[in-house]
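S.K.: here you go, sequence then predicted model.
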Amino acid sequence: MSLRHSKAMEWEELLRRVFDRIDEELEMKYGAQFPLHPARPPSGATASREHDGLFDIGAAFTPGYGSTYGRGYIVEVRMATLANVPADIIEQIEREVVERLRHELPKAFPERHLRIERDGHTFKIIGDLSLGSA
């Protein structure tokens, strides 16, 4: 039995699917440009995109204490490589993730008003994060 609310788990599963689609697109575009970390399986080798391939894209909830925008989901973009990835490439990839999120979130959550904002050094999904009625 989980102590987490079922609506929260549904929300995060939908969000995970959005990130999986974005991950797949980035793998196709950048996957061959940088060598995988030696301990990382190739893209598509595991049951979860966050455990294989060059990218691990997701979000972590934060209550947002002391933040400009308050609570939300911090967007995380990690690359599993030992190669030195130039800062401009990292910024380009982050911009692409944000652009794709701005396109995909309204489709995945049509009843919600969500947006992506830069909050300090990170991007955050903010807006209607309510769980609705039980």
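M.R.: It's in.
S.K.: when you work out contacts or count neighbours from here on, use the C-alpha atoms and nothing else.
M.R.: Will do.
S.K.: any weak-confidence spans in the protein?
M.R.: In the predicted model, the chain carries pLDDT under 70 at residues 1-3, 42, 45, 47, 51-52, 132-134.
S.K.: look up how far residue 53 lies from residue 115.
M.R.: From residue 115 over to residue 53 the distance is 27 Å, taken as Cα to Cα, to the nearest Å.
S.K.: likewise residue 34?
M.R.: 11 Å.
S.K.: higher neighbour count, residue 115 and residue 53?
M.R.: Between residue 115 and residue 53, counted using other Cα atoms under 10 Å, the more crowded position is residue 53 (26 against 16).
S.K.: roughly how far apart are the residue nearest to residue 127 when sequence neighbours are not counted and residue 77?
M.R.: Once its chain neighbours are removed from consideration, residue 127 has its nearest residue in residue 114; the separation is 4.5 Å (Cα to Cα, 6 or more residues apart in numbering). Computed as Cα to Cα, the residue 114 to residue 77 distance reads 19 Å.
S.K.: which residue lies nearest the spatial centre of the protein?
M.R.: Centroid check for the chain by Cα atoms, centre = their mean gives residue 58 as the closest residue, at 2.7 Å.
S.K.: so that one is in which element?
M.R.: Counting by DSSP states H and E, the element that carries residue 58 is strand 55-62.
S.K.: surely residue 77 meets residue 50?
M.R.: No - the pair residue 77 and residue 50 fails to qualify as a contact (Cα atoms under 8 Å) at a distance of 10.4 Å.
S.K.: give me the common contacts of the two.
M.R.: Listed as contacting both residue 77 and residue 50 by Cα atoms under 8 Å, 6 or more residues apart in numbering are 56, 57, 58.
S.K.: excluding its backbone neighbours, what's nearest residue 16?
M.R.: residue 58 (6.8 Å).
S.K.: again, but for residue 78
M.R.: Taking Cα to Cα, 6+ apart as the measure, residue 78 lies nearest to residue 56, with 5.1 Å between them; neighbours along the chain are not counted.
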